[in-house]
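**Q** Next come a sequence and a model predicted from it.
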Amino acid sequence: MIEVRHVGIVVKNIENSLKFYRDLLDLKIERSMNESGKYIDNMLGFENVHVKTVKMLASTGNTLVELLEFAEPVGSNIIRKVNDLGASHVAFTVSDLDETYLRLKQSGVKFNAPPQLSPDGYAKVTFCFDPDKTHIELVQVLK
């Protein structure tokens, strides 16, 4: 493996999710497209897929975050706990966690707790939720 290419997050409403990922977390839209046809059907193992995808980059530009809004087939609204099997959260590095926390909290973003210092003193960390209740970890590296 060379690197992690992207993280895919299925969302209910792409516009609501863009308000979180683009407007609050400052990810930049790299590409937006509507996908359907044999290729995407084969890749996902469904028939008649219709999905809008928005690929986004953080300022470092190394890893893509891909938001996917499925018109067909519509997925289930499953609220995952952070300890459920499978992918549990996405972590983003921020430069100032206290400022980010206050800004997001004032915008109505829900958090588990205020920023906490890790036991080893390496980082400040908190968890919040995107509009679809996906767990988002925010980290400020201190050392």
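**A** Ah, there it is.
**Q** if we look at stretch 107-125, which residues are touching it?
**A** Defining contact as CB atoms under 8 Å, 6 or more residues apart in numbering, one finds that stretch 107-125 is touched by 20, 24, 97-98, 101, 104-105, 126-129, 137-143. Every residue, glycine included, has its C-beta placed from N, CA and C.
**Q** how close does V10 get to E69?
**A** As judged by CB to CB, to the nearest Å, V10 and E69 stand 8 Å apart.
**Q** Mind checking which of those two has more residues around it?
**A** More crowded of V10 and E69, by other CB atoms under 10 Å: E69, with 19 against 16.
**Q** Which positions within the helix or strand harbouring that one qualify as buried?
**A** Using DSSP states H and E, E69 sits in strand 64-72. Neighbour-count burial for strand 64-72 flags L64, V65, E66, L67, L68, E69, F70 (criterion: 16 or more other CB atoms under 10 Å).
**Q** what does stretch 52-59 give?
**A** T53, V54, K55, M56, L57, A58.
**Q** ditto for stretch 136-143
**A** For stretch 136-143, by 16+ other CB under 10 Å, it's I136, E137, L138, V139, Q140.
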